[in-house]
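**Q** Generate coordinates for the sequence data below:
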Amino acid sequence: MPDVTPFLEPPFLEPPCLEPPFLEPPFLEPQPGTPRFTTMPSPVSELTLIGDGRSLTAVYLGAKHRHAPDVGADWVRDDDSFDEARRQLEEYFDGQRREFDLPLAPRGTKFQLRVWATLLDIPYGETTSYGAIAASLGHPNGSRAVGAANGRNPISIIVPCHRVIGASGALIGYGGGLDRKRTLLDLERQEQSLFALEGDQAERRASR
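**A** Predicted structure coming up:
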């Protein structure tokens, strides 16, 4: 019998994993110990960054981000540990970064980790659907389970769950709020258009 784990958001069930490693590359194993955190401003909201001293384990958008934990009394504020993550996020919002290069260690079920790893393959400025991700994982009828896993993604922006939309093109299901999802997509599309325009201009200059 396959191991079907009850989904975190009833009544959905996670499809059984055909290859069930707990660690899903490129993610790392979360380290035990007291969580470390910092905050930073951004164009969408104040961001809360959480880590284990080695890897980034979460990025939440504001206090009302769905599923975001409250900062525990024993958590350690450690701004210096997040210097690189903060720098890369600032570059992203400034339109200077399209991919992140950070150690990531989200906590989740086997199926959730597979979904989150797939999100990393969605190109900057582009979108895909829940159904397309489900099909790529070998579960063509699992779009609702993918949607629920997508909503549980703890590392917002860096693991780009905002790039997943409904089959009709509708913006649905974002833990940080649909207004922030729209802002992130608009930011990426605007920067992508500027990049394409600069490339066209460079080609024209080179051909003269």
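**Q** quick one: secondary structure of the residue sitting nearest the centre point of the chain?
**A** Against the mean C-alpha coordinate of the chain, by CA atoms, centre = their mean, the closest residue is Val159 at 2.4 Å. Put simply, Val159 is coil when judged by DSSP: H, G, I helix; E, B strand; the rest coil.
**Q** Surely it touches Leu120?
**A** Yes: using CB atoms under 8 Å, Val159 makes contact with Leu120 at a distance of 6.2 Å. (C-beta placed from N, C-alpha, C; glycine too.)
**Q** where in this structure is pLDDT low?
**A** Low-confidence segments of the chain (pLDDT under 70): 1-23, 193-208.
**Q** Where do the strands of it begin and end?
**A** Secondary structure of the chain by DSSP state E: the strands cover 36-40, 47-51, 56-61, 76-77, 128-129, 164-165.
**Q** Phe82 and Arg163, how far apart?
**A** Separation of Phe82 from Arg163 (CB to CB, to the nearest Å): 23 Å.
**Q** For these two, work out which one has more neighbours and name it.
**A** Just comparing Phe82 and Arg163: by other CB atoms under 10 Å the higher neighbour count belongs to Phe82, 22 against 19.
**Q** Excluding chain neighbours, what is closest to the more buried one?
**A** In space, and not counting its chain neighbours, Phe82 is closest to Thr38: 4.5 Å by CB to CB, 6 or more residues apart in numbering.
**Q** Burial check on that neighbour, number of neighbours?
**A** Neighbourhood size, Thr38 [other CB under 10 Å]: 19.
**Q** Quick one: residues contacting it.
**A** Neighbouring residues of Thr38 by CB atoms under 8 Å, 6 or more residues apart in numbering: Thr48, Leu49, Arg77, Asp78, Asp79, Ser81, Phe82, Arg86.
**Q** in the sheet, who's paired with it?
**A** With DSSP bridges as the criterion, Thr38 is bridged to Leu49.
**Q** Please tell me how far it sits from Tyr130.
**A** For Thr38, the distance to Tyr130 equals 32 Å [CB to CB].
**Q** before we move on, what about Gly169?
**A** Look at Gly169 and Tyr130: by CB to CB, they are 12 Å apart.
**Q** Next: Leu178.
**A** Distance from Leu178 to Tyr130, by CB to CB: 15 Å.
**Q** okay, the two: which has more neighbours?
**A** The residue with more neighbours, out of Leu178 and Tyr130, is Tyr130; 23 against 13, by other CB under 10 Å.
**Q** how about the closest residue to the more buried one other than its chain neighbours, what does it touch?
**A** Once flanking residues are discounted, Tyr130 sits nearest to Ser143: 4.2 Å by CB to CB, 6+ apart. By CB under 8 Å, 6+ apart, the contact list for Ser143 reads Ser129, Tyr130, Gly131, Ile133, Ala134, Ala167.
**Q** Distance check, the closest residue to Gly95 other than its chain neighbours against Pro32.
**A** Closest residue to Gly95 in three dimensions, ignoring its sequence neighbours and counting by CB to CB, 6+ apart: Glu191, at 4.1 Å. From Glu191 over to Pro32 the distance is 39 Å, taken as CB to CB.
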